[in-house]
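**Q** Sequence first, then the predicted structure, then my questions.
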Amino acid sequence: MQNSRFNLKVEVIGTGGAFNTDKTNSSFLVHLKGTKILVDCGYNVFPYLKQKKHSLLDELDIVAITHLDDDHIGSLRSLIFYRWFIVGKKTTITANKKILKDLKTFLPKESIWNYKNPSNYKGIKTVRGEHHIDSFGFMFWTKKSFVYISGDTKATKHIEKTVTKKAKTKDAFLLHDYSYYSGSEQISHMTESNMKQCYTKGFYEELNFYHNEKSSLSGCIFKGV
Ligand SMILES: [Zn+2]
């Protein structure tokens, strides 16, 4: 993947939701101008990377966290410990500042990891979602390409407005939480009816669904300049 002419790429680590225990939790590897960003690190993500002897365990630059549910941070502590004690590296974490306080209570001492506000990075910004706890998706962009990863959230007008504005004329790739469970509207995931109620047709037709049992997204799913 190095020396590639593509400045923004997305690889799938997993697309499962909390209850899809036979799948790897939803997690993506975003390459942004040579920076390797792991988006979310749920309860079976570190075991998956370890079993694969994935180069990411060594080469990772940033872990981006959407929210503090187990299927998004469940193996983050193990990842941080592994990188500190085995690889010999400190792990950098970025997330919306609103979840930092709670994240700190979950993580080990800050001497082995550090936090950077997304505003420190050119081409990274969080987008507020609506979930049962605070949850923030991520937008990644270059001059010509754009990626949105929703994290767990219902469809909201704020999301469409924010994402559409930032994506503008760029080559855009949108990944959105989608649940097939009835009752998901109460537990704050996007369902078919919630999607069609909140989003315009033009927007929801562009969405690639993940965080469910049916998602078949795998490998490198987006390459943009
Ligand atoms: Zn969640």
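**A** In hand now; what should we look at? Numbering: from 1, shown residues only.
**Q** what about residue 157, distance to the ion?
**A** As for residue 157, its distance to the ion is 20 Å (criterion: Cβ to the ion, to the nearest Å). The C-beta positions use only the backbone N, C-alpha and C, and glycine is treated the same way.
**Q** residue contacts, the closest residue to that residue other than its chain neighbours?
**A** Counting by Cβ to Cβ, 6 or more residues apart in numbering, the nearest residue to residue 157 once its immediate chain neighbours are dropped is residue 198, at 6.0 Å. Taking Cβ atoms under 8 Å, 6 or more residues apart in numbering as the contact definition, residue 198 lies against 154-157, 160.
**Q** three-state assignment of residue 147?
**A** Reduced to three states with DSSP: H, G, I helix; E, B strand; the rest coil, the structure at residue 147 is strand.
**Q** where does it land on pLDDT?
**A** Among the per-residue scores, residue 147 holds a pLDDT of 98.
**Q** Same question for residue 3.
**A** pLDDT for residue 3: 57.
**Q** ok, now residue 204?
**A** Turning to residue 204, the model gives it a pLDDT of 98.
**Q** tell me which residues of stretch 17-37 are tucked away?
**A** Of all the residues in stretch 17-37, those buried under the rule 16 or more other Cβ atoms under 10 Å are 17-18, 20, 23-32, 36-37.
**Q** quick one on the thing from earlier: in helices, which of the contacts of residue 198 appear?
**A** Judged by DSSP state H, those include 157, 160 as members of helices.
**Q** Whichever of the contacts of residue 198 end up buried, select them in PyMOL.
**A** What follows is the PyMOL syntax selecting those of the contacts of residue 198 that are buried according to 16+ other Cβ under 10 Å:
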select buried, resi 154+155+156+160
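**Q** what does stretch 77-93 rub up against?
**A** Looking at what lies outside stretch 77-93 - Cβ under 8 Å, 6+ apart - the contacts are 41, 45-47, 49-50, 57-58, 60-65, 76, 103, 106-108, 112-116.
**Q** repeat for stretch 208-225
**A** 4-12, 15-17, 20, 23, 26, 142, 144-147, 152, 170-171, 173-180, 189.
**Q** now the residue lying closest to residue 179 once chain neighbours are set aside, what's its secondary structure?
**A** Computed as Cβ to Cβ, 6+ apart, the closest residue to residue 179 that is not its neighbour in sequence is residue 189, at 3.7 Å. Under the three-state scheme (three-state DSSP), residue 189 adopts coil.
**Q** From residue 168, how far off is residue 189?
**A** In this structure, residue 189 and residue 168 are separated by 28 Å, where distance is defined by Cβ to Cβ, to the nearest Å.
**Q** And for residue 127, nearest residue in space, chain neighbours not counted?
**A** Nearest-residue entry for residue 127: residue 137, 4.5 Å, with adjacent residues in sequence omitted and distances by Cβ to Cβ, 6+ apart.
**Q** now the contacts of residue 198 as JSON lines including pLDDT?
**A** Rendered in JSON lines, the data for the contacts of residue 198 read as follows (pLDDT from 0 to 100):
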{"residue": "154", "pLDDT": "95"}
{"residue": "155", "pLDDT": "96"}
{"residue": "156", "pLDDT": "96"}
{"residue": "157", "pLDDT": "97"}
{"residue": "160", "pLDDT": "98"}
